[in-house]
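Asker: quick one: sequence plus predicted model below, questions after.
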Amino acid sequence: MPKISSPPTTHPNRVSRIVPAGYATVIAAIVGILLLPLWSASSRPPKAVEALSFEVSKFPVQHQGPQVIDLQVRLGYVSGIEPKQYPDFEVLYREIIAFMNAYPNETDYWEVFNKAICMDLLNRHAVVSSVDIDLRVHPTFGIQYSHTSHCGVSR
């Protein structure tokens, strides 16, 4: 004889959790709003951040007496730079050397000297959006420790 199944019963202390159709629509809308930034982010084109770094090593300068310095230079480029707009590295190097050799005030603090170099590079090149330089002064007979000036400027 076939078994007759009885309707499911619920425990007297349990409440049946049925979500009305209106709540389901609200929940779907909230989930959609929360995920919208993820969907829209994937549709944006990628953005490149470009920079050039180079070093000027053991360069002799007449600043606060005869000194030897190292420069760690980083130039950030503007977004959307065209291939023919990139500055020539050797031109940048020669500009820095010429600026340091012609710098008028030999007694300025190293931080002032460093900031002047940064500002000069930024003002000369419209495609450069930022300049960061670490200027390291080597020890001398009078000052037997090295020290570094950090400077960054941007548009």
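Answerer: Noted; the coordinates are in hand. Numbering: from 1, shown residues only.

Asker: CA only for contacts and neighbour counts going forward, please
Answerer: Will do.

Asker: lowest-confidence helix or strand of the protein?
Answerer: Using mean pLDDT, DSSP states H and E, helix 21-43 stands out as the lowest-scoring helix or strand of the chain, at a mean of 69.

Asker: show me the contacts for the residue most central in space within the chain.
Answerer: For the chain, the residue nearest the mean C-alpha position is residue 49 (7.5 Å; CA atoms, centre = their mean). Contacts here follow CA atoms under 8 Å, 6 or more residues apart in numbering; on that basis residue 49 touches 76, 77, 79.

Asker: one more: residue 101?
Answerer: Shown in contact with residue 101 (CA under 8 Å, 6+ apart): 61, 62.

Asker: okay, now residue 28: neighbour count?
Answerer: Residue 28 has 11 neighbouring residues, counting by other CA atoms under 10 Å.

Asker: can you give me the distance of it to residue 43?
Answerer: For residue 28, the distance to residue 43 equals 22 Å [CA to CA, to the nearest Å].

Asker: distance from the host helix or strand of residue 116 to the middle of the chain?
Answerer: Element membership for residue 116, per DSSP states H and E: helix 110-124. When distances are taken as CA atoms, centre = their mean, to the nearest Å, helix 110-124 is centred 20 Å away from the chain's centroid.

Asker: tell me which other helices or strands the next helix or strand along the chain from it touches.
Answerer: Under the assignment DSSP H and E, the closest C-terminal helix or strand after helix 110-124 is strand 128-137. Here strand 128-137 touches strand 66-77, helix 110-124, strand 147-154, going by 3 or more CA pairs under 8 Å, 6 or more residues apart in numbering; DSSP states H and E.

Asker: so the helix holding residue 116 versus strand 66-77, what angle?
Answerer: Using axes from the mean of the first three to the mean of the last three CA atoms, to 10 degrees, the direction of helix 110-124 lies 40 degrees away from that of strand 66-77.

Asker: list the buried residues in helix 110-124.
Answerer: Neighbour-count burial for helix 110-124 flags 110, 113, 114, 115, 116, 117, 118, 119, 121, 122 (criterion: 16 or more other CA atoms under 10 Å).
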